[in-house]
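Student: No sequence on hand, only this structure:
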């Protein structure tokens, strides 16, 4: 029996978004990633970051809660568009980042359509009968 020992290291993140971005970046650095997987991950990162940064400040009785600061905010580059930032990190154009977001939306809508068609097919074809010249037959 072969025993493989794997090392595990703990990482601390400020938010769930930071943790997801680390996972995506880690996956994007793999050599054996396919083009579709790369596009999906870039689109997922863009959609998540765009959403996080566009959240307005929430006023509370005790304090004003602002969106989390990213590394670009800390470096004084908070006026850079999210698509430009991700494009710079992965050596692609900002338009490619927008296409990647459209790709994940298309992929998720395609998966939803397939699920709906599967449910519709299952509901419609259970006990369905049709008439033919020779009489009625059950499917």
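Tutor: Looks like it came in fine. Values in this document were obtained by computation on a predicted structure and should not be read as measured data. Residues are numbered from 1 along each chain as shown.
Student: Tell me how many other residues crowd residue 44.
Tutor: If you count neighbours by other CB atoms under 10 Å, residue 44 ends up with 19. Just so you know, the C-beta spots here come from the backbone N, C-alpha and C atoms, and that holds for glycine as well.
Student: I should have written residue 16 there, sorry.
Tutor: For residue 16, using other CB under 10 Å, the count is 11.
Student: Check the one 5 residues further on too.
Tutor: By the measure other CB under 10 Å, the count of residues near residue 21 is 20.
Student: ok, it to residue 43 distance?
Tutor: Using CB to CB, to the nearest Å, one obtains 13 Å as the distance from residue 21 to residue 43.
Student: elements contacting the lengthiest helix in the chain?
Tutor: Criterion DSSP state H: the longest helix present in the chain is helix 94-124. Secondary-structure packing of helix 94-124 (3 or more CB pairs under 8 Å, 6 or more residues apart in numbering; DSSP states H and E): helix 35-53, helix 82-90.
Student: orientation of that helix relative to helix 82-90 in degrees?
Tutor: 100 degrees (axes from the mean of the first three to the mean of the last three CA atoms, to 10 degrees).
Student: Now do the buried residues in helix 94-124.
Tutor: Neighbour counts over helix 94-124 (16 or more other CB atoms under 10 Å) mark 94, 96-97, 100-101, 103-104 as buried.
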